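Student: Got a sequence here, can you build the structure:
(2 chains)
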Amino acid sequence: NAGVTQTPKFRVLKTGQSMTLLCAQDMNHEYMYWYRQDPGMGLRLIHYSVGEGTTAKGEVPDGYNVSRLKKQNFLLGLESAAPSQTSVYFCASGGQGRTEAFFGQGTRLTVV
Amino acid sequence: LAKTTQPISMDSYEGQEVNITCSHNNIATNDYITWYQQFPSQGPRFIIQGYKTKVTNEVASLFIPADRKSSTLSLPRVSLSDTAVYYCLVGGRRYGGSQGNLIFGKGTKLSVKP
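Tutor: Have a look, this model is predicted:
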């Protein structure tokens, strides 16, 4: 049972490039989340999904898009990367009736 | 969502009991209080959740007074490995979020010294 898996773990992008971060969970959870965490800061919610085919904006959605075409996957896209998007990105998932959310190991993204 | 206020940082020594207090003056009747722990370079991990009075598990205790406007996470006899950031969330029973949201503040950075 892998839990929540994020791909890739590390990535360096040039300004203006695009990329997609993949989050996969094998716990059949309905809820999934994408966060970013900057040095010395807490986690800030980018987008979330309450079920397959649904997405919603979080606290800092600008510059990102998401899709939840399959229940087990939640994709985070950067269409035109900017240095301000240099951060560690975490994905999380949670199931109905559960009291805890489970997090992935994070993706360290650097935009130069 | 009820806003929470925690100390930015705390220091302690090995073997001491650590209490981290979180203020949530605008907590709603249906809100639960949930704490997460985050080690460096890792995602947060659920510690404990409660609604009122006291909750205890193998890791920590959570004390909630009758007015529920604050809560205290208690870590007994901390060790170096308890050095982490601790987040207090107030919201629905599901993970500490409400209406799908799961909002973290800046948390409390606990440093345990030998």
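Student: Tell me how many other residues crowd residue 62.
Tutor: Reading this off chain A. Using other C-beta atoms under 10 Å in any protein chain shown, A:Asp62 has 7 neighbouring residues. All C-beta spots, glycine's among them, are computed from the backbone N, C-alpha and C.
Student: actually chain B
Tutor: The local packing of B:Leu62 (other C-beta under 10 Å) involves 23 other residues.
Student: Now it: phi and psi?
Tutor: Dihedral pair for B:Leu62: phi -130, psi 120, per degrees, to the nearest 10.
Student: got a pLDDT number for it?
Tutor: Reading off the confidence values, B:Leu62 has pLDDT 98.
Student: so who does the residue nearest to B:Lys52 when sequence neighbours are not counted touch?
Tutor: For B:Lys52, ignoring the flanking residues on the chain, the nearest one in space by C-beta to C-beta, 6 or more residues apart in numbering or on different chains is B:Ile64 at 5.2 Å. The contact partners of B:Ile64, by C-beta atoms under 8 Å, 6 or more residues apart in numbering or on different chains, come to B:Ile33, B:Gly50, B:Tyr51, B:Lys52, B:Thr53, B:Lys54, B:Val55, B:Ser70, B:Ser71, B:Thr72.
Student: ok, 7 Å please
Tutor: Residues near B:Ile64 by C-beta atoms under 7 Å, 6 or more residues apart in numbering or on different chains: B:Ile33, B:Gly50, B:Lys52, B:Thr53, B:Ser71.
Student: Which residue is the nearest non-sequential neighbour of residue 36?
Tutor: I went with chain A, as the question did not name one. Beyond its immediate neighbours in the sequence, the residue positioned closest to A:Arg36 (C-beta to C-beta, 6+ apart) is A:Ser87, lying 4.3 Å away.
Student: Correction: the question concerned chain B.
Tutor: B:Pro44 (4.0 Å).
Student: What distance do you get for the one you found to A:Thr110?
Tutor: 22 Å (C-beta to C-beta, to the nearest Å).
Student: the more surrounded of those two?
Tutor: Taking neighbours as other C-beta under 10 Å, B:Pro44 and A:Thr110 compare with B:Pro44 leading, 28 against 13.
Student: which residues does the residue of chain A found nearest chain B bridge with?
Tutor: For chain A, the residue closest to chain B is A:Phe103, as judged by C-beta to the nearest C-beta, at 2.7 Å. Per DSSP bridges, the residues bridged to A:Phe103 are A:Ala92.
Student: Report how many residues lie close to the residue nearest to A:Gln96 when sequence neighbours are not counted.
Tutor: Spatially, and ignoring its direct neighbours in sequence, A:Gln96 is nearest to A:Glu30 (5.6 Å; C-beta to C-beta, 6+ apart). A:Glu30 is surrounded by 18 other residues when neighbours are defined as other C-beta under 10 Å.
Student: dump the residue contacts of A:Glu30.
Tutor: Remark: with contacts taken as C-beta under 7 Å, 6+ apart, A:Glu30 is in contact with A:Val50, A:Gly51, A:Gly95, A:Gln96.
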